[in-house]
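Asks: take this sequence and fold it.
(one chain, ligands or ions: 1)
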Amino acid sequence: MSTFQAPKGTYDLTPPRSAKFLAVRAAISGPLKNSGYGYIETPGFEDVALFARGVGESTDIVSKEMYAFETKGGDKLALRPEGTASVLRAALEANLHKAGNLPVKLWYSGSYYRYERPQAGRYRHFSQVGAEAIGTEDPALDAELIILADQAYRSLGLTRFRILLNSLGDKECRPVYREALQTFLRDLDLDEETRRRIEINPLRVLDDKRADVQKQLGGAPMLRDYLCDACKAYHEEVRNLLTAAGVVYEDDEKLVRGLDYYTRTTFEFVHDGLGSQSAVGGGGRYDGLSEMIGGPALPSVGWALGVDRTVLALEAEGVELDIPATTSVYAVPLGEEARRVLFGLVTELRRAGVATDFAFGGRGLKGAMKSANRSGARFTIVAGERDLAEGTVQLKDMESGEQQAVALDELVAVVRARTA
Ligand code: AMP
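Replies: Down below sits the predicted model:
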């Protein structure tokens, strides 16, 4: 242990567990790459106003959890707390929406930062893979994204997740509902902070987890009863397409999510093995966001799946990912001359595409064989003076225990054939 530790609310990814994170990122991005989504990468920080305007001044994410700071040059920046606002900003800046090919479909993977109270599954630095489909209003696009996330989780072997689905209405019907909800909430017995929330973000009150609040919400007006005909028809079509695709979901009228930009379709993926931080991913439609950040009208939809929580979900279900050993061959030299020869062979094997490692540091045979075992390599190559004098090395199959002498100049071909 050094004098330093990872900052509060963060943790390091170290082998072997880190391999799971790579596998999860690959599993989530795979279906996206296979469906016309191009890779996008944006900076880890942005103008703080982008999030204030995009995500919403009244949200917890912006008002309480953002790592905002001023640079020495006087710029007001923030570490990104989420991906959508940045990706849309970047797409607009690069004029991707003007290339004539809508929707612009993008996927991303990266680190996000929120100053939250750390607990199991909730960190101040976490990792997401996300997808955004920009510039098209089409229920099939909303359905596509939900289907692709479902496919990603299933490909990992997860089964205990559920999809919660709701519609938040649009700029026609939501304001009418908002007012009706405010009128209802103002009559309840609530603390000061919640009363303030009624005025700035009343839908979030529905999301309050406290039992005494939930108890009072029994007769609250429901958005479902206020949806305009266009929103209703749109939502019905999303639901039908999901059902046709065999994707099971639950209607959840109380699902509002913590970001202001959502309109119409909203959804969350929850996992039942995770305790209170059960959301493994979420997203929805954000038809007004582009205009909110100064762009043209570009109805869009997207999601972000949490990599950290997906790994926790895998562990909760006891799913063992099929992660191949990183090393196929481990070389153990006995003596100085053998070190030189074997190190040369290791380089040749690697150039031939065989994952190979070497017993560095001149340890004895016993220690080196222990490392060979630990590496998970299927084969070891051992050579001492006598082998070299005969122009051979010993190739040992670690599974069967069989050992054979192989000529130096045939080794690469033999190993390639046996590891193929
Ligand atoms: P959100 O943007 O809040 O909908 O987050 C999308 C997903 O990112 C969530 O479903 C989580 O899986 C993950 N996530 C969000 N915040 C955190 C956090 N503080 N720690 C770990 N994962 C998080």
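
Asks: report the buried residues of stretch 132-144.
Replies: 132, 133, 134, 135, 137, 138, 139, 141, 142, 143, 144 (16 or more other CB atoms under 10 Å). Quick note: C-beta positions are derived from backbone N, CA and C, even for glycine.

Asks: look up phi and psi at the residue nearest to the fourth one when sequence neighbours are not counted.
Replies: When the adjacent residues along the chain are set aside, residue 135 lies closest to residue 102, with 3.9 Å between them (CB to CB, 6 or more residues apart in numbering). For residue 102, the backbone dihedrals (degrees, to the nearest 10) come out as phi -100, psi 140.

Asks: residue 102 touches residue 136, doesn't it?
Replies: Yes: counting by CB atoms under 8 Å, residue 102 touches residue 136, with 5.1 Å between them.

Asks: overlap in contacts, the two.
Replies: Residues touching both residue 102 and residue 136 (CB atoms under 8 Å, 6 or more residues apart in numbering): there are none.

Asks: neighbours around the residue nearest to residue 135, how many?
Replies: By other CB atoms under 10 Å, the residues close to residue 102 number 17.

Asks: and it, what pLDDT?
Replies: The score at residue 102 is 96. That number is its pLDDT.

Asks: check residue 229 too.
Replies: Looking at residue 229, its pLDDT reads 97.

Asks: count of neighbours near it?
Replies: By the measure other CB under 10 Å, the count of residues near residue 229 is 9.

Asks: state the phi and psi torsions of it.
Replies: Note on residue 229: backbone dihedrals following degrees, to the nearest 10 are phi -60, psi -40.

Asks: tell me who's in contact with it.
Replies: Residue 229 neighbours (CB under 8 Å, 6+ apart): none.

Asks: residues of stretch 116-127 that come out buried?
Replies: Within stretch 116-127, the residues scored as buried using 16+ other CB under 10 Å are 116, 121, 122, 123, 124, 125, 126, 127.

Asks: equivalent analysis for stretch 352-369, please.
Replies: Buried, per 16+ other CB under 10 Å, within stretch 352-369: 354, 355, 356, 357, 358, 359, 368, 369.

Asks: repeat for stretch 99-108
Replies: For stretch 99-108, a neighbour-count test (16+ other CB under 10 Å) marks 102, 103, 104, 105, 106, 107, 108 as buried.

Asks: and of the residues you listed, the nearest to the ligand?
Replies: Nearest to the ligand among the buried residues of stretch 99-108: residue 108, at 12.7 Å, using CB to the nearest ligand atom.

Asks: what's near enough to touch the closest one?
Replies: Contact analysis of residue 108 by CB under 8 Å, 6+ apart lists 39, 40, 41, 42, 83, 87, 129, 130, 131, 132.

Asks: separation between it and residue 306?
Replies: Applying CB to CB, to the nearest Å, the value for residue 108 to residue 306 is 13 Å.

Asks: what residue in the stretch 51-200 of the chain comes nearest to the ligand?
Replies: For the stretch 51-200 of the chain, CB to the nearest ligand atom, closest residue to the ligand: residue 126, 3.5 Å.

Asks: pretty sure that residue is in a strand, no?
Replies: Yes: checked against DSSP: H, G, I helix; E, B strand; the rest coil, residue 126 lies within a strand.

Asks: that one touches residue 112, doesn't it?
Replies: Yes: with contact defined as CB under 8 Å, residue 126 reaches residue 112; the gap is 5.7 Å.

Asks: ramachandran coordinates for residue 217?
Replies: Taking degrees, to the nearest 10, you get phi -90, psi 0 for the backbone angles of residue 217.

Asks: quick one: residues contacting it.
Replies: By CB under 8 Å, 6+ apart, the contact list for residue 217 reads 205, 206, 208.

Asks: which parts of the stretch 151-300 of the chain sit against the ligand?
Replies: Neighbours of the ligand within the stretch 151-300 of the chain, by CB under 6 Å from any ligand atom: 258, 279, 280, 281, 282.

Asks: kindly reformat those residues as TSV containing pLDDT and secondary structure.
Replies: Shown next, in TSV, are these (pLDDT from 0 to 100; DSSP: H, G, I helix; E, B strand; the rest coil):
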residue	pLDDT	secondary structure
258	63	coil
279	96	strand
280	98	strand
281	97	strand
282	96	strand
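
Asks: taking the residues you listed, tell me the two that lie furthest apart.
Replies: Within those, two members stand farthest from each other by CB to CB: 258 and 280, at 15.2 Å.

Asks: more crowded one of the two?
Replies: Between residue 258 and residue 280, counted using other CB under 10 Å, residue 280 has the larger neighbour count: 25 against 18.

Asks: residue 84 versus the more buried one, what's the distance?
Replies: Computed as CB to CB, the residue 280 to residue 84 distance reads 17 Å.

Asks: then residue 371?
Replies: Distance of residue 371 to residue 84, computed by CB to CB: 46 Å.

Asks: who has more neighbours out of these two?
Replies: Between residue 371 and residue 84, counted using other CB under 10 Å, residue 84 has the larger neighbour count: 27 against 19.

Asks: next up, phi/psi of the more buried one, please.
Replies: phi -60, psi -50.

Asks: that one contacts residue 290, correct?
Replies: No: with contact defined as CB under 8 Å, residue 84 does not reach residue 290; the gap is 10.8 Å.

Asks: quick check: mean pLDDT of stretch 158-170?
Replies: 96.

Asks: flag every buried residue along it.
Replies: Those would be 158, 161, 163, 164, 165, 166, 167, 168, 169, 170, for stretch 158-170 by 16+ other CB under 10 Å.
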